[in-house]
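**Q** Fold the following for me, if possible:
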Amino acid sequence: MDFHERRRATAWMRPSFEHAAAAADDLQPRNEEPDDGCGAGPTTLEAGRLYRRVGGVDEQARPVTPEELAALGDPMAVLFFRRGVFPMTVHDLLARLPQPPGGLPNAVYLIGEAGQIPLDASPAPFRDFRFAITRTALQNKDVDLLVSTGAGDDPTTTFLQVAAWDPVAGVFNYYSRISPSWVWAGDSWRALAQESRGRGCFDSHINGSVVMKELNLPWSNWQSQAATIHLAPDSPVRSDPLFAQVVGAENLELTVRALVSRWTAARLKAVTGTGTVEQPDHLMRQLFTTTSVNLASSAVQSATVTATSGDFALPLGFWLNREALIDDLALPVTASLPRVPAAEYVASLTEFGFRLEEGASGFSQPGDTFFAFTAPEAAFEDNDVIRQMVQTGLVPAKFAACALMVDFTNPVFSADRARLMAYVPTGATAVGALAGQIAQAITEAAEKLPATSPEARFAADWALADTDWPKIFAERIDAYLGRVAARIGTPSGFRDYVRLAESRRRDFKRMRLDEFELTLPATDIPADAPRLKMLDDATVVPAP
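**A** Now for the predicted structure:
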């Protein structure tokens with residue numbers, strides 16, 4: 001849930017439940033676009049009624065019909081709205097929930113992009129601290145209610161949003177309190193529908209699932225075992241009862257992964273249950289394109305790195321899709337993680353003018369993000385679809401590996417891999433024939449294309465013997481990482497990788513996932529600099 005708290009509270013839920021919200025008097029989405037479902041529209045809401053407004057479908061909020069309410073089977077609908085209960089504060093909402101099994105408390109998490117900025121910084125950045133809360137409400141043990149809110153309990157000055165799992169429908173339902181009532185923004189399937197995809201809350205819950213951008217160690221910007229968020233003595237966070245319950249984001253990572261997988265499993269079961277996939281492109285775009293990203297950082301705090309420090313590893317997800325290729329497809333990669341000399345990293349901060357800055361507040365601070373070298377990596381929600389397609393037999397492991405290896409040195413924003421979407425059928429296709437049909441279309445096209453084309457590279461890999469491809473792919477990755485390790489220690493090599501990281505950050509900033517200026521560093525690299533890509537010889541070149 002990713003909203004600007006300083007703009008105050010009522011837009012729809014953004015990626016994950018980790019962000020702040022837009023105001024009742026400022027319902028326009030980021031970049032001043034026309035209202036696309038991120039508020040109630042011109043409707044005046046009445047207390048004691050549930051409304052619906054699905055971005056791209058409903059021009060304004062309207063009351064939910066009795067039939068629609070009866071069809072909602074998540075905790076918010078079952079425990080509250082069907083009973084005419086409309087909690088206006090997070091504390092009222094939590095207090096009205098049934099005691100979870102075993103008396104387990106709420107799991108409360110804290111996030112804030114300014115959490116590591118010195119408290120005496122002047123001008124001060126916006127301190128957009130938010131709570132994320134997970135609860136078991138209807139299930140015996142599984143989390144089925146995710147709440148996001150800012151510090152404070154005033155429904156007119158802070159936001160309150162919920163993602164609630166419906167165990168019958170197998171979807172997340174997305175709700176937002178817009179005082180004096182609540183609005184349903186849609187469910188997971190709405191994220192995939194053409195008319196609502198990318199609209200309203202689905203501009204960032206792009207695949208219908210919950211999202212935690214900083215999913216992996218060191219969980220940048222979250223209170224965790226890796227870092228403690230610093231609060232001013234008079235911060236309203238301290239006086240909020242939820243603060244006393246805050247635990248580390250390392251626990252939230254596990255919850256989010258399980259929730260994403262729950263939706264993926266329900267989705268695949270639904271779309272393959274008849275033996276035919278009606279819209280295979282909806283699944284395959286998560287293999288061939290970048291629908292979402294996570295943000296990866298090194299585990300090293302940037303302020304601790306000096307020119308005389310030892311070398312340190314950059315996140316493996318920057319170099320390749322580690323999770324899909326190594327963890328899930330189990331390619332026997334043996335190469336060590338490339339490490340950058342501290343002196344090269346420190347020199348790059350000055351050369352490229354690294355800084356944290358926030359235009360609205362005027363805050364500026366030289367240097368990198370708190371954890372060094374934050375950059376986009378392949379999203380868990382995309383990889384989970386790939387993993388479960390392989391596990392369920394929808395596509396063979398070799399097919400997924402061949403697709404990923406087409407441009408494995410560019411794990412995100414790969415134009416080469418995206419080009420292969422042209423060969424994915426958009427109409428109903430038999431489950432057992434899907435991968436073969438796509439592979440055949442690509443290999444037939446490859447016969448008329450250069451050997452360097454994405455089609456030809458896929459075709460060559462697809463022709464490998466079933467017993468050989470894992471070893472061949474692993475050797476290719478090992479050789480690539482070895483070349484990276486050799487180049488990263490040179491000034492020209494590491495600076496190429498800095499430029500590549502910034503190119504990917506610029507691509508990320510074009511996504512609606514980008515909502516807080518302090519999430520990523522600013523640099524002196526021009527915003528209109530050419531897009532870059534990595535080659536398997538470890539060199540960086542302009543991307544098409």
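**Q** Does residue 164 belong to a helix, a strand or coil?
**A** strand (DSSP: H, G, I helix; E, B strand; the rest coil).
**Q** What degree of burial does it show, as a neighbour count?
**A** 27 (other C-beta atoms under 10 Å). Using the backbone N, CA and C atoms, a C-beta is placed for each residue, glycine as well.
**Q** For it, which non-adjacent residue is closest in space?
**A** Sequence neighbours aside, residue 74 is the residue nearest to residue 164 in space, at 3.6 Å (criterion: C-beta to C-beta, 6 or more residues apart in numbering).
**Q** Remind me what the longest helix seen in the chain packs against, helices and strands.
**A** The residue-count maximum for a helix in the chain (DSSP state H) belongs to helix 249-272. Identification of packing neighbours for helix 249-272 by 3 or more C-beta pairs under 8 Å, 6 or more residues apart in numbering; DSSP states H and E yields strand 107-111, strand 130-135, strand 171-178, helix 280-288, helix 380-391.
**Q** Any chance of CSV for the ones you listed, columns mean pLDDT and distance to residue 151?
**A** Formatted as CSV, those follow (pLDDT from 0 to 100; distance: least, C-beta to C-beta, whole Å):
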stretch, mean pLDDT, distance to residue 151
strand 107-111, 95, 9
strand 130-135, 95, 7
strand 171-178, 96, 16
helix 280-288, 97, 35
helix 380-391, 98, 28
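**Q** so which of the ones you listed gets nearest residue 195?
**A** Evaluated with C-beta to C-beta, the helices and strands packed on helix 249-272 place helix 280-288 nearest to residue 195, the distance being 13.9 Å.
**Q** Mean neighbour count and distance to residue 338 added to the helices and strands packed on helix 249-272, as TSV?
**A** Below are the helices and strands packed on helix 249-272 laid out as TSV (neighbours: other C-beta atoms under 10 Å; distance: least, C-beta to C-beta, whole Å):
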stretch	mean neighbour count	distance to residue 338
strand 107-111	25	29
strand 130-135	24	33
strand 171-178	26	38
helix 280-288	21	26
helix 380-391	23	21
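**Q** Residue 406 is nearest to which of these?
**A** Using C-beta to C-beta, the helices and strands packed on helix 249-272 put helix 280-288 closest to residue 406, at 8.6 Å.
**Q** for the chain, which spans come out with low pLDDT?
**A** 1-42, 101-105, 139-140, 153-156 (pLDDT under 70).
**Q** quick check: domain ranges of the chain?
**A** 30-258, 273-489+518-523 (automatic domain parsing).
**Q** closest to residue 266 out of those?
**A** With respect to residue 266, and counting by C-beta to C-beta, the nearest of these is domain 30-258 at 3.3 Å.
**Q** hmm, back to that, and the residue nearest to residue 164, what does it touch?
**A** Taking C-beta atoms under 8 Å, 6 or more residues apart in numbering as the criterion, residue 74 is in contact with 138, 144, 145, 164, 165, 166, 172, 173.
**Q** And those residues, which two are furthest apart?
**A** The most widely separated members of these, counting by C-beta to C-beta, are 138 and 172 (13.4 Å).
**Q** Give me the nearest residue to residue 471, chain neighbours excluded.
**A** residue 332 (6.6 Å).
**Q** what does residue 160 give?
**A** Closest to residue 160 by C-beta to C-beta, 6+ apart is residue 177, at 4.2 Å.
**Q** My understanding was that that neighbour contacts residue 80; is that so?
**A** No - at 11.1 Å, residue 177 does not count as touching residue 80 under the criterion of C-beta atoms under 8 Å.
**Q** Specify the local secondary structure of residue 412.
**A** Classification of residue 412 by three-state DSSP places it in coil.
**Q** any chance you could map the strands in the stretch 101-250 of the chain?
**A** 107-111, 130-135, 145-150, 160-166, 171-178, 181-187 (DSSP state E, counting those that start in this stretch).
**Q** Look up how far residue 68 lies from residue 81.
**A** Separation of residue 81 from residue 68 (C-beta to C-beta, to the nearest Å): 10 Å.
**Q** do residue 417 as well
**A** Distance, residue 417 to residue 68, by C-beta to C-beta: 39 Å.
**Q** Ramachandran angles for residue 522?
**A** phi -100, psi 150 (degrees, to the nearest 10).
**Q** ok, so of the contacts of residue 74, who is nearest residue 225?
**A** Nearest to residue 225 among those: residue 145, at 24.5 Å, using C-beta to C-beta.
**Q** The closest one bridge partners, please.
**A** Judged by DSSP bridges, the bridge partners of residue 145 are residue 135, residue 164.
**Q** neighbours of it, just the number please.
**A** 24.
**Q** My understanding was that it contacts residue 78; is that so?
**A** No - look at residue 145 against residue 78 with C-beta under 8 Å: they stay out of range, at 10.8 Å.
**Q** which residues in the stretch 301-450 of the chain form helices?
**A** Assigned by DSSP state H, counting those that start in this stretch, the stretch 301-450 of the chain shows helices spanning 316-319, 322, 342-351, 380-391, 397-405, 415-419, 434-446.
**Q** Looking at those, spot the one closest to residue 90.
**A** helix 380-391 (25.9 Å).
**Q** residues in contact with the closest one?
**A** Residues contacting helix 380-391 (C-beta under 8 Å, 6+ apart): 207, 209, 211, 215, 256-257, 260-261, 264-265, 268, 283, 286-287, 290-292, 294, 321, 323-324, 328-329, 395-397, 400, 404.
**Q** What is the nearest of the contacts of residue 74 to residue 230?
**A** Ranked by distance to residue 230 (C-beta to C-beta), the contacts of residue 74 are led by residue 145 at 29.3 Å.
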